[in-house]
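Peer 1: only the shape, not the letters, is given here:
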C-alpha cells in the first residue's frame, strides 16, 4: 500500500500591516513592530465610528498594481493577487501544466467595499451609474478567480468562507487535494479587506474590538490580563504547496513540510467559542494524527489568540487538554499582537509565520504582554527565541465565528 505523499511549501508571499512582502513582514514581526495605527479616513469622523484605529496594510495596492487592475478588483482580491504573485515568483516555477495547477483560496467576508460603494452610487446617482463589474467584484470567490486567471491555474479555483478559520481551512484542503492527486501544485492562502465603517461599528457593538485609542500600537495584547478585544487587520498571505516529488524534480527550494490538518465545528454559538475549547481540541488531535505526530513532537504553536477575553481562555483550555504537561515546554507565539486580526486572511499569514519559524529556527515575539493572565499558564514568547536543534514540528491554530476550527501541523526540513 502506498503511503501518504509528502507535501512541502516552496513559495511564500504576503502584504500585511507590517510590510508589503513576506520577508518585510517577517523581519518587522521579529523586530517587535506593531502594524496598528490611528486611521486617517474622513469616514471615521463623518460617521463617528466608535473605534478609530486598525491594522491597515502598510503598502497600499495602488502602489504596486496597475490602475486597470485596481478598477476591476475589490481590495480583497487586490491583496490576494499581490501575495499570490510574490509567492509564485518565490517558488520559481518556470514550466508547469496549467491543468495541474490549483487554487485553494479563502476570505471571511469578501467584497464589502465594492458592495457598499455600489449601494452609495445607487442611492445618490441612480441604477445606471452602478458599475457592471459590481457582482464579479463582490463575490467571495473573486480573489480565487483573480489568482487563477492571473497565474493560469486550471485545475480549480476553490473558495473557503469560514470566518476567521477560512485560510487555515483552505491550507488543510490544499494538503488533501495534493494527496488526492488533483494537482501537482496548489496556490493557497487568504485575503481580507473589510476595515469599513459598517464592519468596525458592528464589531464594536458586540464589544469585540479593543478601544485603547490612546495607544493603538499596544491595543492588541493577547493573554494580557488587561486585554479588551481584537484589532481589525487587512492584507493577504499565500503559500505554494507541492508534492515533495514534484518540487525535488524541478529543483525547488523547500521551506517546510505541511504534515497534516484538522477541521471541526463547535455547534455551540454563532460568535462565542465552546468555553472548554472542545472543538479546537479535536481539530488539533486530527491534525496531529494526520501528520503522524505525537504531542511531545510539538515545540512551537502559533496561536489564534485574538486578544479577547473568552477566546484566549477557550484556546488555552484546548491547548492544555491536548498537550497536557508538555504544553509548559512549548513556545507559544501570538502574532496578532503585531499584525492585528486579518479575519479570513489570518490563518494563511500565521501559517506563513510558522513556516518561517521552522526555517529560521526562531519563534517570533508576542508584543504588548505586560501582565499575563494568571488563568492562562503558557510559555509565551515575548522576544525572538531560538528553537531547538534537530527535527522540529509546530502547529498553527485558527478559529472563527460560527464555531469553525482549523489547525495545520508543519515539520521542519
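Peer 2: Alright, I've got the coordinates. On a predicted model such as this, the values are computed, not experimentally measured, just so you know. Numbers count the residues shown, from 1 in each chain.

Peer 1: what segments of the stretch 201-350 of the chain are strands?
Peer 2: Secondary structure of the stretch 201-350 of the chain (DSSP state E, counting those that start in this stretch): strands located at 235-243, 256-265, 298-302, 331-333.

Peer 1: same question for the shortest one, mean pLDDT?
Peer 2: Put plainly, it is strand 331-333. Mean per-residue pLDDT for strand 331-333: 98.

Peer 1: what's the burial count for residue 34?
Peer 2: 22 (other C-beta atoms under 10 Å). (Glycine included, C-beta is placed from N, CA and C.)

Peer 1: sorry, wrong one. I was asking about residue 362.
Peer 2: Neighbour tally, residue 362, other C-beta under 10 Å: 18.

Peer 1: could you find the closest non-adjacent residue to it?
Peer 2: In space, residue 362 comes closest to residue 384 once its chain neighbours are excluded; the distance is 5.3 Å by C-beta to C-beta, 6 or more residues apart in numbering.

Peer 1: next: residue 176.
Peer 2: If the residues on either side of it in the chain are set aside, residue 176 comes closest to residue 261, at 7.6 Å by C-beta to C-beta, 6+ apart.

Peer 1: partner residues bridging that neighbour?
Peer 2: On the basis of DSSP bridges, residue 261 takes part in beta bridges with residue 408.

Peer 1: that one contacts residue 406, correct?
Peer 2: Yes: contact criterion C-beta atoms under 8 Å: residue 261 and residue 406 qualify, at 6.9 Å.

Peer 1: please say which of the two ends up with more neighbours.
Peer 2: residue 406 (33 against 26).

Peer 1: so that one: helix, strand or coil?
Peer 2: Assigned by DSSP: H, G, I helix; E, B strand; the rest coil, the conformation of residue 406 is strand.

Peer 1: contact partners for it?
Peer 2: 162, 165, 168-169, 171-172, 261-263, 283, 347, 397-399 (C-beta atoms under 8 Å, 6 or more residues apart in numbering).

Peer 1: of the strands of the stretch 201-350 of the chain, which stretch is the most buried?
Peer 2: strand 235-243 (a mean of 31; mean count of other C-beta atoms under 10 Å).

Peer 1: how far is that one from where the chain is centred?
Peer 2: Between the centre of strand 235-243 and the centre of its chain there are 11 Å (C-alpha atoms, centre = their mean, to the nearest Å).

Peer 1: what packs against it?
Peer 2: strand 7-15, helix 75-91, helix 166-179, strand 185-192, helix 346-360 (3 or more C-beta pairs under 8 Å, 6 or more residues apart in numbering; DSSP states H and E).

Peer 1: could you give the angle of the first one to helix 166-179?
Peer 2: Spelled out, that is strand 7-15. 150 degrees (axes from the mean of the first three to the mean of the last three C-alpha atoms, to 10 degrees).

Peer 1: can I see the domain layout of this protein?
Peer 2: Following automatic domain parsing, one finds the domains of the chain at 7-249, 262-411.

Peer 1: residues in contact with the nearest residue to residue 75 once chain neighbours are set aside?
Peer 2: Excluding the flanking residues, the one nearest residue 75 by C-beta to C-beta, 6+ apart is residue 193, at 3.6 Å. Residues near residue 193 by C-beta under 8 Å, 6+ apart: 57, 74, 75, 76, 78, 79, 112, 113, 234, 235.

Peer 1: out of those, which comes closest to residue 250?
Peer 2: Checking those against residue 250 by C-beta to C-beta gives residue 79 as the nearest, at 27.9 Å.

Peer 1: buried ones in stretch 344-360?
Peer 2: 344-359 (16 or more other C-beta atoms under 10 Å).

Peer 1: which residues do residue 261 and residue 406 both contact?
Peer 2: Counting by C-beta under 8 Å, 6+ apart, the residues touching both residue 261 and residue 406 are 168, 171, 172.

Peer 1: returning to what we had before: isn't the residue nearest to residue 362 right next to residue 26, touching?
Peer 2: No: contact criterion C-beta under 8 Å: residue 384 and residue 26 do not qualify, at 10.9 Å.

Peer 1: where in the stretch 151-300 of the chain is pLDDT low?
Peer 2: In the prediction, the stretch 151-300 of the chain carries no residues with pLDDT under 70.

Peer 1: circling back to that earlier point, any chance of the domains of the chain in CSV with distance to residue 256 as columns?
Peer 2: Shown next, in CSV, are the domains of the chain (distance: least, C-beta to C-beta, whole Å):
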stretch, distance to residue 256
domain 7-249, 5
domain 262-411, 5
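
Peer 1: quick check: phi and psi at the residue nearest to residue 267 when sequence neighbours are not counted.
Peer 2: Residue nearest to residue 267 in three dimensions, not counting chain neighbours: residue 403, with 5.9 Å by C-beta to C-beta, 6+ apart. Reported as degrees, to the nearest 10, the phi and psi values for residue 403 are phi 80, psi 20.

Peer 1: quick one: pLDDT of residue 403?
Peer 2: 97.

Peer 1: that one: how many residues sit nearby?
Peer 2: 22.

Peer 1: center of the protein, which residue is that?
Peer 2: residue 346 (2.1 Å; C-alpha atoms, centre = their mean).

Peer 1: coming back round to it: check the helices and strands packed on strand 235-243 for me and report the most buried one.
Peer 2: By mean count of other C-beta under 10 Å, the helices and strands packed on strand 235-243 have strand 185-192 as the most buried, with a mean of 34.

Peer 1: from the chain's centroid, how far away is that strand?
Peer 2: Between the centre of strand 185-192 and the centre of its host chain there is 10 Å, according to C-alpha atoms, centre = their mean.

Peer 1: next one: residue 58 from residue 20, what distance?
Peer 2: 6 Å (C-beta to C-beta, to the nearest Å).

Peer 1: try residue 411
Peer 2: 29 Å.

Peer 1: and if you look at residue 175?
Peer 2: Distance of residue 175 to residue 20, given as C-beta to C-beta: 28 Å.

Peer 1: next one: residue 76
Peer 2: For residue 76, the distance to residue 20 equals 17 Å [C-beta to C-beta].

Peer 1: ok, now residue 412?
Peer 2: 27 Å.

Peer 1: how about the helices of the stretch 301-413 of the chain, start to end?
Peer 2: All helices of the stretch 301-413 of the chain, identified by DSSP state H, counting those that start in this stretch, fall at 309-323, 336-339, 346-360.

Peer 1: all set now, cheers.
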